[in-house]
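> for reference, the sequence and a predicted model appear below.
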Number of protein chains: 4
Amino acid sequence: MAPGIPDEFFIRGQVPMTKEEVRAVTLAKGKLFPEAIVYDLGSGTGSIAIEAALLAPRGRVYAYERNPEAVSLIKQNRDRFEVTNLEILCKEAPQGLEELPKAHTVFIGGSGGRLREILAKSLAKLQPKGRIVLNAITLETLQTGLAFAREENLKVEAVTLSVSRLEEIGKSHWWKALNPINIITLIKEE
Amino acid sequence: MAPGIPDEFFIRGQVPMTKEEVRAVTLAKGKLFPEAIVYDLGSGTGSIAIEAALLAPRGRVYAYERNPEAVSLIKQNRDRFEVTNLEILCKEAPQGLEELPKAHTVFIGGSGGRLREILAKSLAKLQPKGRIVLNAITLETLQTGLAFAREENLKVEAVTLSVSRLEEIGKSHWWKALNPINIITLIKEE
Amino acid sequence: MAPGIPDEFFIRGQVPMTKEEVRAVTLAKGKLFPEAIVYDLGSGTGSIAIEAALLAPRGRVYAYERNPEAVSLIKQNRDRFEVTNLEILCKEAPQGLEELPKAHTVFIGGSGGRLREILAKSLAKLQPKGRIVLNAITLETLQTGLAFAREENLKVEAVTLSVSRLEEIGKSHWWKALNPINIITLIKEE
Amino acid sequence: MAPGIPDEFFIRGQVPMTKEEVRAVTLAKGKLFPEAIVYDLGSGTGSIAIEAALLAPRGRVYAYERNPEAVSLIKQNRDRFEVTNLEILCKEAPQGLEELPKAHTVFIGGSGGRLREILAKSLAKLQPKGRIVLNAITLETLQTGLAFAREENLKVEAVTLSVSRLEEIGKSHWWKALNPINIITLIKEE
């Protein structure tokens, strides 16, 4: 299995999942490589963590997720896709980050209101040239991410992604819009 | 090197290149796997072909490109990313497709006005459950792709992708819009 | 009352209504003037017809709507905004168009599958330099509109409008996307 | 002449102009009426001021523009559209606002870095139920507008507008994206 897993292949339950197209761009922004160490903070169904693990077969992915129901889904998905380099932690980030090996890429999907602290602790654990990739659906998350980059003098790349999906209505087709999302990449330069 | 190569890593010359975000979603729609056989028709700088080759290390990618200047770029990029499973054909698609092994995924990026013929010959060479992923910037390409799917009774998934990039102007930031692109996936069901 | 009436001022019932932003752009594309003769075909709640009537106080607006429940809403809205130059016809377009005075602007919002016939009869009733403004949510309506323009040698201006609205979620804000709509303006040149 | 003047009807010179579609939505958000008092701060070519003056024939529009070249364009456009209720002030807002009659609607298009002061002085001059409509192309302007609304306890409606225009390339058509713009409406409730 290579990345590009369609949404419907994941076991989901009631847990919200990053949409296929957003996941693809998010992973691309992470610039993974086969030996990469990756954190996925606020992992949800684990869809990003699992694709990251497939892209870094000789590396290791640490998925943080505080919701036990979601953790159970990540485990089921890990089994389904036969991923062996994914460690699942039922904790709230950034608790215990300091014990992990340094990361090349940190994905942040959910932050439960502690985003600034998570960003600071992630940066402290980031390898030189490492990347933090933040998915922001709210204005406030976007602002916090950009303000953090400015204070810490990080390079920033940010995009807004708007996806519409073709749907049938009767004999006709129309575009159904998904909500726009900001994908913010913070790069530690030295 | 895993997929998610930034645009600026590719050698480009004057040849237009699929943007990073579009490339990521296009590749994800291709649902590649390590042994996949892939065609990339109208390969341009080869950015999709090269990432596909990295995602299918035990498979093979055939890149068609009729412009010799572009072919030279694809070769340089193949060397730069140390890709060994990418064959570059300086031909106009669909010429010679019949001699290739059957494909799991066909990417179509440029068609020089022969799109319907290319779609038909691609479908003839497609494995069961194989996918044709068509990048359409024009209305006419979108229409041809959807009409072809209807006639051939293929499953269709189509999205419009709109990307805006954050840019600095003075001390402020604004979103610079890229043109929207349609990514159409045609799936051979049986 | 001048145009720019917010959605919530209209009496609506269960009838779908053109969104405020789409209505504003649609009306602007119609290039109305105080004496304009206007048709609004598939008038729904009458929101476009009423704003058109306000913009053409010495002209006249003919609203076609086949659904009696919707016709009753248009009447209520006509009373609410004290519009006196709006005639409401409970008919399916293009039935009876030939009896109306020639139009400077024709708005087409709904077509019930008879779009090509409606376009042809509208064009036949259009003043020189007159405009047909077509709101298309489906690909098929867009294609029919563009094909008609090509055959009849009309000038075309088409835009896709994507609107997102800021909403509060808890203490945060996010953008809620409305579905994109095409607004196609066909201009009779001579 | 009623509103919905196409861009190409305005005399423009080198001064940037609000695009037709953005102008239409901006004016609609202003909820003008025939007797409205309107300020247009940072008026540019005057396209919003002139359409506002047409929508408020028994009201009055005050256009602020500090660039003398732009002021000359506004005057030419005022003559072209035979507008008589538009006063043009070659000043930098908010200088001299206190001397004007109270406004029902304030449009803010350009702010030269003094946005917060302009917002505060505009609010002080606003009629009950009056509206400030702010066109924001930068993130910073959006943030300032929303923060001001929160502090002053104003009702906010904000939209992002993304417009793409159909263009011909050879025998084909594609959508050319304009940059997204935020239109923020601040409403004084009591």
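Structure received. Keep in mind it's a predicted model, so treat the numbers as computed, not measured.
> drop to CA atoms for contacts and neighbour counts, all remaining ones
Will do.
> run through the bridge partners of the nearest residue to residue A:85 once chain neighbours are set aside.
Excluding the flanking residues, the one nearest residue A:85 by C-alpha to C-alpha, 6 or more residues apart in numbering or on different chains is residue A:60, at 5.0 Å. On the basis of DSSP bridges, residue A:60 is bridged to residue A:37.
> residues contacting residue A:60?
A:35-38, A:53, A:85-87 (C-alpha atoms under 8 Å, 6 or more residues apart in numbering or on different chains).
> go again using 7 Å as the cut-off
A:36-38, A:53, A:85-86 (C-alpha atoms under 7 Å, 6 or more residues apart in numbering or on different chains).
> phi and psi next, for residue A:125.
Per-residue torsions, residue A:125: phi -100, psi 10 (degrees, to the nearest 10).
> same check on residue A:39?
The phi/psi pair for residue A:39 (degrees, to the nearest 10) is phi -110, psi 140.
> now it: how far from residue A:70?
To residue A:70, residue A:39 is 16 Å away according to C-alpha to C-alpha, to the nearest Å.
> so for the two, which sits in the more crowded spot?
residue A:39 (29 against 22; other C-alpha atoms under 10 Å in any protein chain shown).
> tell me how far that one lies from chain D.
Remark: distance between residue A:39 and chain D (C-alpha to the nearest C-alpha, to the nearest Å) = 29 Å.
> isn't that residue up against residue A:106?
Yes. With contacts counted by C-alpha atoms under 7 Å, residue A:39 reaches residue A:106, the gap being 4.7 Å.
> tell me, what's touching these two both at once?
Common neighbours of residue A:39 and residue A:106 (C-alpha under 7 Å, 6+ apart) do not exist.
> that older thread, from the contacts of residue A:60, which is closest to residue A:127?
Using C-alpha to C-alpha, residue A:37 comes nearest to residue A:127 of the contacts of residue A:60, at 9.4 Å.
> what about that closest one, how many residues nearby?
26.
> which residues sit in contact with it?
Contact partners of residue A:37, counting by C-alpha under 7 Å, 6+ apart, are A:59-61, A:103-105.
> is any part of the lengthiest strand in chain A close to chain C?
If you go by DSSP state E, chain A has its longest strand at strand A:155-169. No. Strand A:155-169 does not reach chain C (C-alpha under 7 Å from any C-alpha of the partner chain); its nearest approach is 7.9 Å.
> cool, stretch A:103-117 as well?
No. Stretch A:103-117 lies apart from chain C when judged by C-alpha under 7 Å from any C-alpha; the minimum separation is 10.1 Å.
> residues contacting that stretch, please?
With C-alpha under 7 Å, 6+ apart as the criterion, stretch A:103-117 contacts A:30, A:36-43, A:122, A:125-127, A:130-135, A:144.
> which among the residues you listed count as buried?
Buried members of the contacts of stretch A:103-117, scored by 16 or more other C-alpha atoms under 10 Å in any protein chain shown, are A:30, A:36-43, A:122, A:125-127, A:130-135.
> which members of these occur in helices, if any?
residue A:122 (DSSP state H).
> on that earlier part again, wait, which of the contacts of residue A:60 is closest to residue D:95?
residue A:38 (54.6 Å).
> could you find the closest non-adjacent residue to residue A:136?
residue A:182 (5.0 Å).
> does the one you found belong to a helix, a strand or coil?
Under the three-state scheme (DSSP: H, G, I helix; E, B strand; the rest coil), residue A:182 adopts strand.
> OK, contacts around it?
Applying C-alpha under 7 Å, 6+ apart, the residues near residue A:182 are A:135-137, A:158-161.
> out of these, who's nearest residue A:9?
For the contacts of residue A:182, the nearest to residue A:9 is residue A:135 (21.7 Å; C-alpha to C-alpha).
> surely the closest one and residue A:183 touch.
Yes. Because the distance of 4.8 Å satisfies C-alpha under 7 Å, residue A:135 is recorded as touching residue A:183.
> let me see the mean pLDDT of stretch A:149-158.
The pLDDT scores in stretch A:149-158 average 96.
> cool, stretch A:31-43 as well?
The model assigns stretch A:31-43 a mean pLDDT of 95.
> which element is the residue nearest the centre of chain A on?
Nearest to the mean C-alpha position of chain A, by C-alpha atoms, centre = their mean, lies residue A:107 at 3.8 Å. For residue A:107, the element it lies in under DSSP states H and E is strand A:103-108.
> what is the rounded mean pLDDT of that strand?
98.
> got the CA coordinates for stretch A:44-62 in PDB?
Taking C-alpha atoms only, stretch A:44-62 is exported to PDB below (Å, rounded to 0.1, in the frame of the first residue of the first chain):
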ATOM      1  CA  GLY A  44      -8.200  11.600  15.100                       C
ATOM      2  CA  THR A  45      -8.700   8.400  13.000                       C
ATOM      3  CA  GLY A  46      -5.000   8.200  12.400                       C
ATOM      4  CA  SER A  47      -5.300   8.700   8.600                       C
ATOM      5  CA  ILE A  48      -2.300  11.100   8.400                       C
ATOM      6  CA  ALA A  49      -0.300   9.000  10.900                       C
ATOM      7  CA  ILE A  50      -0.800   5.900   8.800                       C
ATOM      8  CA  GLU A  51       0.100   7.400   5.500                       C
ATOM      9  CA  ALA A  52       3.100   9.000   7.100                       C
ATOM     10  CA  ALA A  53       4.200   5.600   8.400                       C
ATOM     11  CA  LEU A  54       3.900   4.200   4.900                       C
ATOM     12  CA  LEU A  55       6.100   7.000   3.500                       C
ATOM     13  CA  ALA A  56       8.700   6.500   6.300                       C
ATOM     14  CA  PRO A  57       9.100   2.700   6.400                       C
ATOM     15  CA  ARG A  58      12.400   2.800   8.200                       C
ATOM     16  CA  GLY A  59      11.400   5.800  10.400                       C
ATOM     17  CA  ARG A  60       8.800   6.000  13.200                       C
ATOM     18  CA  VAL A  61       5.600   7.800  13.700                       C
ATOM     19  CA  TYR A  62       4.200   8.800  17.100                       C
END
